[in-house]
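Visitor: what's the 3D shape of this:
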Amino acid sequence: MLSLAKISRALYGVWRLALLDADGLKHFDDTIEAYWQSFQAAIVAAPAYAILVAIRLAVTETEAGLLQIVLAEAISYTINWVAFPLAMIHVCDRIGCFDRYVRYIIAHNWSAVIQIALFLSAMILARGILGAGAGTILLIATSLAILFYQWFVARTALAVSGGVAAAIVGLDLVIS
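Guide: Now for the predicted structure:
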């Protein structure tokens, strides 16, 4: 498990990226070890993700039992953390930026922590404080902000054009 100092450094890096500061990438080690460690962001983000799922299930009728739901969500969560990085191996090779793949996946993985936390905050406001109309607008705005953030991380970490970064974000959406 990563130390609190390493987690804090990674989260500071993605926070800087969220502020559209490309120097946020300097807060990540660009090594294979850091690449594998970045998947521990899934553990850091899991509690917030679980709360998001609980909120969604509270307003959605289902015939599935609790165990089925927990297993399905856990499998889906795991697949989402693995499938996109695997797909990006091929994509980065094809578009000629494989030398920046490790840096990108590290930033991508850690940025998910901020994305999930931001969406959870918006969901709590939308479902608990704001009315239906304002809540929906907030959730749409938050989703768009997250997509823009993903685009900025891809464009910056891979050093690709805006169009290529948009296609990568689209691929991430499709896989998700």
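Visitor: any idea how far Ala132 is from the most centrally placed residue in the chain?
Guide: In the chain, the residue lying closest to the centroid (C-alpha atoms, centre = their mean) is Ala112, at 2.4 Å. According to C-beta to C-beta, to the nearest Å, Ala112 stands 28 Å off from Ala132. C-betas here are computed from N, CA, C, even on glycine.
Visitor: which is the next helix or strand following the longest helix seen in the chain?
Guide: For the chain, the helix with the greatest residue count under DSSP state H is helix 66-95. Sequence order places helix 101-128 as the next helix or strand after helix 66-95, per DSSP states H and E.
Visitor: so how far is that following helix from its chain's centroid?
Guide: For helix 101-128, the separation from the chain centroid amounts to 5 Å (computed by C-alpha atoms, centre = their mean, to the nearest Å).
Visitor: buried residues in that helix?
Guide: 101-120, 122-123, 126 (16 or more other C-beta atoms under 10 Å).
Visitor: Return the set of buried residues in stretch 140-150.
Guide: With burial defined by 16+ other C-beta under 10 Å, the residues of stretch 140-150 counted as buried are 142, 146-147, 149-150.
Visitor: want to try a markdown table for those, with pLDDT as columns?
Guide: Shown next, in a markdown table, are the buried residues of stretch 140-150 (pLDDT from 0 to 100):
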| residue | pLDDT |
| --- | --- |
| Thr142 | 95 |
| Ile146 | 96 |
| Leu147 | 97 |
| Tyr149 | 97 |
| Gln150 | 97 |
